[in-house]
Each structure stands twice: as structure tokens, then as C-alpha cells.
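**Q** Structural data only, the sequence is not supplied:
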């Protein structure tokens, strides 16, 4: 008998060591942008959210997709939007996944989270609720998140923590708010937040349109990462401070070599290969999820994908085309 | 024995994949390790797991016991057990 005396931790996220993401019979992670509607209009929104997408999956299609996720035994789902809590089936979807013991994360702006809603999250045992907070002050947060009030967002975090929900904060650095990074992390710890997540802003969607106004300078980023490193060390074992040190181009280079075992579904049921590229590898209205997983594996080797990736790496401004979808199927 | 709430285990052709979804860490295990993981999922005790695997595989029970002890230590170090 040989039991390998350790579980081999995968060095490259979601890729078996010495193997490939293609070794998995199903994705490990499903990122689902449930809707495009949003109650605010952030200057840096990579999904360009705000309006209703007319061909959004209907309730029957949503239910069918949920069933396929459980059938394929996908262990972890993250629901985002737009603002996902505006979707009419949001509560039903979450309850379904939790009933089937799927780890569930919700990414929200927090504005619809009342004390009662926080208790609902707590009762279902979510993996986490991730709230976007873009500043330690109302001034910084509200300059970036148009119509997004800071105080109700902070209150939402407090209600979630009180309800026993693992609560995370995600922070997007821009010229307006990057100086508040350390202050926000300290505040998050006082509030009982589980983790603060950040990294360089992606040049996609409205962030691309507003790039010159938003993008921090090299000096600002240098200071930002210095602060993050210090905070990560000082909160070790007490609160997770996670920052992704690479930009979107470095991420893309890495993913070309090591695609992750995950799928990204947009509101109309189409499945993107990866956020920063425009390619769609499947459509839930035309293909089963199992078929899409096989298409996803093959799509990474598609010459159109590799050629586009090379162009983006040479000219990072092309990431702005990530929302101009290109179907890799007929 | 049982896994922590955030831990999900799935059978694969190569054995099993263990996904600690809170820290987003993924582990893979061979088919023998997958047997241990399945027995944990079934709620068996350490002693029951040793007995089950000793019956299933040829080998000295003390060797099996050591292998399993090391395997459990690894699960514990990575906060995978409840």
C-alpha cells in the first residue's frame, strides 16, 4: 500500500502539480456574473455595469444552470454582478447552492444589506460575503463609486460581522483613494473583517475609459505595495491581507501557461475564457456545462486566443477590448 | 472525523481533489489517499480507517498505521479537518 504521505499542495492555483487543469473532470470554481444591473455607477467598473442586459438568463435557464453545477459537483461558486442582490432570483439561487453544500461567495456593494438581510446570510453559512469598500473615508469612496454611499456600506459590513458572516472587503486602488489603503486595513480589523483583498486596477470596461484619471502613478503603487507588505505582516494570524502583486498582463501571461480550473459565466449565459480577453468558449443556451468545460480546455490552444494574447502583451491598451466578445464556437 | 466546513472533496480519475475554499487552496491526492478521504467523509474514526485500509490493502498494519498518521498530520497542518 502506498499512501502519499502528504497531500500535494498545488503550487499553481487550481492546476494539479505535475499535471494540468485539463486533468479535472469538472471546474473547481464557477464565477457567475448574475446580472448587469447595478444601483451605482463606479468609475472603475470592469463589467461596465448599470443597465439591464436584455438577454439575461431567465428563471428557468438559471435553475437549469444551477442544477448542472450541482450535477458536475463544482465545489465553489462566486456570485457577482452588476449588483447581484438586485436579481429577482438571487435569494432562491443562494438557498439552492447552500442546500447542496456548495461553498458560496457573494460579491456585493453592500447597499442592500440590512440587519435582516445580514441575518439571512448568516443563517445560510456562506463561505463569505465580499463587500466593495474603496476608501477609509466617504470622500474617497464616493468619488469613485458614483451614487455609492460609504456609511451604509460600512454599516453593511458591521451587520454581516454581527450576524457571524465571514466578511471580506475588496479595495480597488486609484489616484483618488490609494493613500487610504493602510487606514482602511486598520479600520477593517477593528470591524472584525476576515480579510482585505486588493491589487492593481484592471484596465477593462469603465476603468479603461477613465484610465488617465484613475490609474495610480508608479510612485503611488510603490508606496501602496510597501504599505500592504507591512500590514500583511502586522495582521498575520489575525486578519488576512491579500494583495495580488501582478497586473493584468502578468496575469494573462501566467494563465496562458497555466489556465485555471474555473469558468466565468456572464449574465446572458455565455462563458468567457478569462476576464481580460474577449473570447467566449461556450453558451449555456447552446451547450451543456460539461460540453463547455471541454470547449474551455481546447480554447486555450486556439490560435485566435494565443495571437490576441500576444498582441495584448505587446500593447496592454488592448485589454480595453475585453468586453467586445468574440465567440470561439458557431 | 470530519472535514472543516470550507473543505470540499471530489473524486477524480487520478484520485481526489481537496479544495479548501476559504483560503482557496487546492490539494490533490492519489487513489489510495482518496480512499482515506472518502472514509473521513463517511465519518469514520481514525481507528476504523486503519482497520478498513488494512483489510483492503496487503501490508503490515503498523506500516499502514504510520502512513495514515502522517497523512492525518498533513490534513491537520493544512487546517482541513473540523
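**A** All right, it came through fine. Please read all numbers here as calculations on a predicted model, not as lab measurements.
**Q** can you map out the strands along the stretch 201-330 of chain A?
**A** A:240-244, A:262-265, A:270-272, A:279-283, A:326-327 (DSSP state E, counting those that start in this stretch).
**Q** The third one pairs with which strands, parallel or anti?
**A** Within its sheet, and counting by DSSP bridges, strand A:270-272 is paired with strand A:262-265 (antiparallel), strand A:279-283 (antiparallel).
**Q** Can you tell me what sits against that strand?
**A** A:263-266, A:279-284, A:292, A:296, A:325, A:327 (CB atoms under 8 Å, 6 or more residues apart in numbering or on different chains). (Glycine included, C-beta is placed from N, CA and C.)
**Q** I'd like the distance between the closest residue to residue A:24 other than its chain neighbours and residue A:119.
**A** The shortest distance from residue A:24 to any non-neighbouring residue, by CB to CB, 6 or more residues apart in numbering or on different chains, is to residue A:261 (4.8 Å). Residue A:261 sits 34 Å away from residue A:119, going by CB to CB, to the nearest Å.
**Q** Looking only at neighbour counts, state which of the two leads.
**A** residue A:261 (26 against 16; other CB atoms under 10 Å in any protein chain shown).
**Q** what are the ranges of the strands in the stretch 1-150 of chain A?
**A** A:8-9, A:29-33, A:41-42, A:76-80, A:103-108, A:128-132, A:145-146.
**Q** Give me every residue in chain B that's in contact range of chain A.
**A** B:5-6, B:8, B:10, B:12-14, B:17-19, B:21-22, B:24-30, B:32-33, B:36, B:53, B:57-59, B:63-64, B:67-68, B:70-71, B:74-75, B:78, B:80 (CB under 8 Å from any CB of the partner chain).
**Q** Quickly note the distance from the residue nearest to residue A:235 when sequence neighbours are not counted to chain B.
**A** In this structure, residue A:235 finds its nearest non-sequential neighbour in residue A:241, 5.4 Å apart by CB to CB, 6+ apart. For residue A:241, the distance to chain B equals 13 Å [CB to the nearest CB, to the nearest Å].
**Q** Same question for residue A:319.
**A** From residue A:319 to chain B the distance is 24 Å (CB to the nearest CB).
**Q** Test my guess that that residue contacts residue A:202.
**A** Yes - if you go by CB atoms under 8 Å, residue A:319 and residue A:202 touch, sitting 7.2 Å apart.
**Q** List the residues that are in contact with both of these two.
**A** In contact with both residue A:319 and residue A:202: A:248, A:276, using CB under 8 Å, 6+ apart.
**Q** who has more neighbours, the two?
**A** A direct count of neighbours by other CB under 10 Å for residue A:319 and residue A:202 places residue A:319 higher, at 25 against 18.
**Q** need the contact list for that one.
**A** A:202-204, A:208, A:248-249, A:276, A:312.
**Q** one more time with 7 Å, if that's ok
**A** Residue A:319 makes contacts with A:203-204, A:248, A:276, A:312, as judged by CB atoms under 7 Å, 6 or more residues apart in numbering or on different chains.
**Q** Out of those residues, show me where the pLDDT dips lowest.
**A** Across those, the bottom pLDDT score, 79, is held by residue A:248.
**Q** Can you give me the neighbour number for that residue?
**A** Quick note: residue A:248 (other CB under 10 Å) scores 23 neighbours.
**Q** For it, give its distance to residue A:33.
**A** 17 Å.
**Q** Residue A:65 too?
**A** Taken as CB to CB, the span from residue A:65 to residue A:33 is 12 Å.
**Q** Same drill for the two, tell me which one is more crowded.
**A** residue A:33 (22 against 17).
**Q** Do a quick rundown of the helices in chain B.
**A** B:31-41, B:46-56, B:61-77 (DSSP state H).
**Q** and those helices as CSV, adding mean neighbour count and mean pLDDT?
**A** Shown next, in CSV, are the helices of chain B (neighbours: other CB atoms under 10 Å in any protein chain shown; pLDDT from 0 to 100):
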stretch, mean neighbour count, mean pLDDT
helix B:31-41, 20, 91
helix B:46-56, 16, 87
helix B:61-77, 16, 85
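**Q** Now distance to residue A:153 too, for the ones you listed, in a markdown table please.
**A** Listed next are these as a markdown table, based on distance: least, CB to CB, whole Å:
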| stretch | distance to residue A:153 |
| --- | --- |
| helix B:31-41 | 39 |
| helix B:46-56 | 46 |
| helix B:61-77 | 37 |
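**Q** And whatever residue of the stretch 101-250 of chain A ends up closest to chain B, how far from residue A:310?
**A** At 3.8 Å from chain B, residue A:103 is the closest residue in the stretch 101-250 of chain A, using CB to the nearest CB. Residue A:103 sits 35 Å away from residue A:310, going by CB to CB.
**Q** So for these two, which sits in the more crowded spot?
**A** residue A:103 (25 against 12).
**Q** I'd say the more buried one and residue A:127 touch.
**A** Yes - with contact defined as CB atoms under 7 Å, residue A:103 counts as touching residue A:127 (4.2 Å).
**Q** where do the contact lists of those two overlap?
**A** B:6, B:21.
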